[in-house]
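**Q** here is the input, now give the coordinates:
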Amino acid sequence: MADHFEYRHVVGFEETNLVGNVYYVNYLRWQGRCRELFLRAHAPEVLADVLGDLKLFTLKVDCEFFAEIGVFDELSVRMRLAELRQTQLEFTFDYVRIDAGGAERLVARGRQRVAFMRGPNTATVPTPVPAALVRALEAYAPSPRPGSSV
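**A** Okay, the predicted model is just below:
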């Protein structure tokens, strides 16, 4: 089993600027899409809970670029669990361009921190990361190191 959850994507014209480079915001959108597809595939009960009163707040996102990508480039967005706390978690994302021959090149790397809350919008309170999600993420966690919490 892979140590990451993978979302495959082919870049479209609408995701690029006039010179053919991908807009920065799309990297962040792909992080969100990868996270959603992970929930759909591995923790659908959490998605059902989101339709209730569970809220996922994205607290922080970032992305560092190593190479440009353009229209029709094929990407593998690879999500891993970086940190798990009682009410928050953090993911890392590797953006890997895959050429026609199957060769891979890391083109960007990102991070995303998410907090879990419950309650009406005017009175949300932190809540533990759902147990179903913790179980689903176990396969994508970093290898334990002495003294590590993940």
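
**Q** what residues does the helix or strand where Ala41 lies touch?
**A** If you go by DSSP states H and E, Ala41 is part of helix 24-42. By CB atoms under 8 Å, 6 or more residues apart in numbering, the residues outside helix 24-42 that reach it are 5, 7, 9, 11, 15, 46-47, 58, 61, 63, 75, 77, 79, 91, 93, 95, 108, 110, 112, 114, 133, 136. Bear in mind the C-beta positions are built from the backbone N, C-alpha and C, glycine included.

**Q** quick check: mean pLDDT of that helix?
**A** Helix 24-42 shows a mean pLDDT of 95.

**Q** with stretch 97-117 instead?
**A** So the average pLDDT for stretch 97-117 ends up being 96.

**Q** circling back: buried sites along the helix holding Ala41?
**A** Asn26, Tyr27, Leu28, Trp30, Gln31, Cys34, Arg35, Leu37, Phe38, Leu39, His42 (16 or more other CB atoms under 10 Å).

**Q** ok, stretch 46-63 next?
**A** For stretch 46-63, by 16+ other CB under 10 Å, it's Val46, Asp49, Leu54, Lys55, Leu56, Val61, Cys63.

**Q** that'll do, ta.
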